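J.: any chance you can model this:
(one chain, ligands or ions: 1)
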Amino acid sequence: MDVKRLDIDGLVMVKPRRFGDERGWFVETWNDEKHTAAGITGPFVQDNQSLSRIQGTVRGLHFQLAPAAQGKLIRVIRGRILDVAVDLRQGSPTYGHHVAVELDAEEGWQLWVPVGFAHGFCTLVPDTEIAYKVTALYSPAHDRGLLWNDPALGIPWPEFAGAVLSDKDGKQPTLADIGTPFPA
Ligand SMILES: Cc1cn([C@H]2C[C@H](O)[C@@H](COP(=O)(O)OP(=O)(O)O[C@H]3O[C@H](C)C(=O)[C@H](O)[C@H]3O)O2)c(=O)[nH]c1=O
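T.: The predicted structure is shown next:
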């Protein structure tokens with residue numbers, strides 16, 4: 001398994017080995033021993049999948065507050081995304097900083113986003129599907145967001161980002177509004 005530690009502490013990309021043959025390929029998308037060794041801490045209690053039909057669909061930036069805060073392991077099963085995580089941890093030297101990485105179905109890289117981050121993505125091609133594991137169940141009462149295009153975040157979205165956006169995501173609060181939802 002290839003592992004890449006990103007510039008913000010706790011964020012990790014992993015690429016499980018693909019076994020190709022004349023039929024196609026096989027990959028272990030989750031292996032408790034290998035993923036844990038890479039610093040990905042479950043246990044995972046829910047699997048999610050979403051399809052976004054239009055290039056430039058933005059979903060996010062979302063997080064859940066404690067005690068329903070979620071770690072997320074994201075992978076693309078069709079298409080390509082710019083995947084973004086914003087550090088919201090109180091006292092973190094990288095508070096308000098982000099990583100933005102491209103994930104696609106062909107390459108097979110996965111992004112681990114631990115508790116303490118807002119997460120979202122923009123689809124880079126039509127009909128993009130993602131699958132992701134989370135470490136806490138969905139809790140609408142704890143569901144919160146951060147405005148995807150808050151200038152204070154400086155996220156390098158593609159020019160077509162926001163072609164499709166939920167009403168909820170179009171009116172999320174800014175970083176200045178939300179402060180530090182994850183106390184040290
Ligand atoms: C997240 C979630 C949603 N839902 C229901 C609630 C709504 O009726 C519907 C769509 O929810 P939402 O618009 O929040 O879906 P996304 O915009 O894809 O949200 C996700 O987008 C970004 C990328 C994230 O990181 C989060 O995992 C998640 O918030 O699914 C559920 O029933 N369970 C769930 O876990």
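J.: need the helices for the protein, in chain order.
T.: Assigned helices in the chain, in chain order: 32-37, 167-170, 175-178 (criterion: DSSP state H).
J.: I'd like those helices laid out as JSON lines, including mean pLDDT, distance to Asp143 and mean neighbour count.
T.: Glycine gets a C-beta too; all of them are placed from N, C-alpha and C. Formatted as JSON lines, those follow (pLDDT from 0 to 100; distance: least, CB to CB, whole Å; neighbours: other CB atoms under 10 Å):
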{"stretch": "helix 32-37", "mean pLDDT": "96", "distance to Asp143": "25", "mean neighbour count": "13"}
{"stretch": "helix 167-170", "mean pLDDT": "97", "distance to Asp143": "9", "mean neighbour count": "12"}
{"stretch": "helix 175-178", "mean pLDDT": "95", "distance to Asp143": "13", "mean neighbour count": "14"}
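J.: okay, those in a markdown table with distance to Asp104 next?
T.: Below are these laid out as a markdown table (distance: least, CB to CB, whole Å):
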| stretch | distance to Asp104 |
| --- | --- |
| helix 32-37 | 20 |
| helix 167-170 | 22 |
| helix 175-178 | 28 |
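J.: tell me which of those helices sits nearest to the ligand.
T.: Across the helices of the chain, the ligand has its closest neighbour in helix 167-170 (6.3 Å, CB to the nearest ligand atom).
J.: so what touches the closest one?
T.: Here helix 167-170 makes contact (CB atoms under 8 Å, 6 or more residues apart in numbering) with 58-61, 120, 145, 148.
J.: distance from stretch 90-110 to the middle of the chain?
T.: Centroid separation between stretch 90-110 and its chain, computed with CA atoms, centre = their mean, to the nearest Å, is 7 Å.
J.: before we move on, what about stretch 50-60?
T.: Averaged C-alpha coordinates place stretch 50-60 at 13 Å from its chain's average position (CA atoms, centre = their mean).
J.: brilliant, that's me finished.
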